[in-house]
Structures are given as C-alpha cells and as structure tokens.
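Visitor: kindly return the folded structure for what I paste below:
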Amino acid sequence: MTDLASLRAQRDELYHFIVRRTRDPAAADDLVQETFARLLTYEKARTVADRAALGYRIALNLVRDHFRSRKRRPTEMLDEEIPCQAPAPEQILMHRQKVEVFGKVLDAMPPLRRDVFIRRRLHGQSTREIADALAMNEAAVEKHVVRALEQLHREMTKAERRVVGGRR
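Guide: Take a look at the predicted model:
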C-alpha cells in the first residue's frame, strides 16, 4: 500500500473511531484533521515506529480535550430570533417624538385647560376636587378635559401623518 493510500485508510478508521466516541460527525471531521496535523508535525521532528498507534493516541487525546472543553463552556441552542426585553431603536425614537409632540400641545393649550387636564389626567384628581380648587363647576372641568383630549388627539394624529408621509 502506498503512503497516500495508507493515510486515506487510516483517515477512515480514525474518523469511525472518533465518531463512535463523540457521536458528532462534524466534530469528528475536525478532530481527524487536527489528528493528522499533529501526527505530521510530530513525524517531521522524530521517527515514528507505528504511525497508526500514534494516530489513535493523538485522536483519543483530542476527543478527551473536546469533552473537557464542552464541560467548561456549556452551550445551548439559540432560536433564530432571540427575544430582547429592550424596545427597538425605532420604538424609542417614535416614543420620543410622541412625547415631544405631547409637550408642545400641552404648552399651546390655554393655561386653565392645561391646568385642569394635568390635574385630572396626570395627577388623578377627581372632577369634584378640581372644581373646588379652581372655583368652577364640575361640568366646566369635564368640558376642559374633553377639549384638551380632542386637541391632543388631533395634534398627535397630524404628527403621525407627517412621520408616515416622510415630511418630518
């Protein structure tokens, strides 16, 4: 048998030897390649009496190293799409734009309407509490809240149309 033919035969034998131990054909391919690389490097420096025995010894050591490294670095399969709890950059940008528009709309409201809206919607005061604090009747408080909500809705819708239409 020629030297090349003996290497091919040994390669097949080493492959099956490693696959039986690792049960991983991909890892076995890698380990066979590494075995031959080390075997050929060793043969350059020294005379080898039994190439097959040395090849099996190197392969066995590589299999052991393979399992040792897997114990140190446990792996787990990842889904194609890894869920992330943080919002996407687009969502953050959209939220900031909405907050900016909300602030501008609040600033543009008449002072009494803004005060009533903030007390009712942001501070959670009841209609009765606001009416008593501002010396108004409850119907007037409700009217200010409704008008503030209408103004906010109208301006937020306009801002969304500008963003979607690409005019922002």
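Visitor: what count of nearby residues applies to residue 34?
Guide: Neighbours of residue 34 under the rule other C-beta atoms under 10 Å: 15. (Glycine included, C-beta is placed from N, CA and C.)
Visitor: residues contacting it?
Guide: residue 62 (C-beta atoms under 8 Å, 6 or more residues apart in numbering).
Visitor: ditto for residue 102
Guide: Counting by C-beta under 8 Å, 6+ apart, residue 102 has contacts 152, 156.
Visitor: which SS state does it fall under?
Guide: helix (DSSP: H, G, I helix; E, B strand; the rest coil).
Visitor: other SSEs contacting the lowest-mean-pLDDT helix or strand in the chain?
Guide: Least confident element among the helices and strands of the chain, by mean pLDDT, DSSP states H and E: helix 3-22 (a mean of 84). Here helix 3-22 touches helix 25-45, helix 51-72, going by 3 or more C-beta pairs under 8 Å, 6 or more residues apart in numbering; DSSP states H and E.
Visitor: mind listing what's buried along that helix?
Guide: For helix 3-22, burial by neighbour count (16 or more other C-beta atoms under 10 Å) applies to 7, 10, 14-15, 17-19, 21-22.
Visitor: swap in stretch 150-162?
Guide: Applying 16+ other C-beta under 10 Å to stretch 150-162 flags 151-152, 155, 159 as buried.
Visitor: keep only those of these that are in helices.
Guide: 151-152, 155, 159 (DSSP state H).
Visitor: Throw those residues into a markdown table and include distance to residue 66 and pLDDT, thanks.
Guide: Formatted as a markdown table, these follow (distance: C-beta to C-beta, whole Å; pLDDT from 0 to 100):
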| residue | distance to residue 66 | pLDDT |
| --- | --- | --- |
| 151 | 68 | 93 |
| 152 | 63 | 92 |
| 155 | 64 | 90 |
| 159 | 59 | 83 |
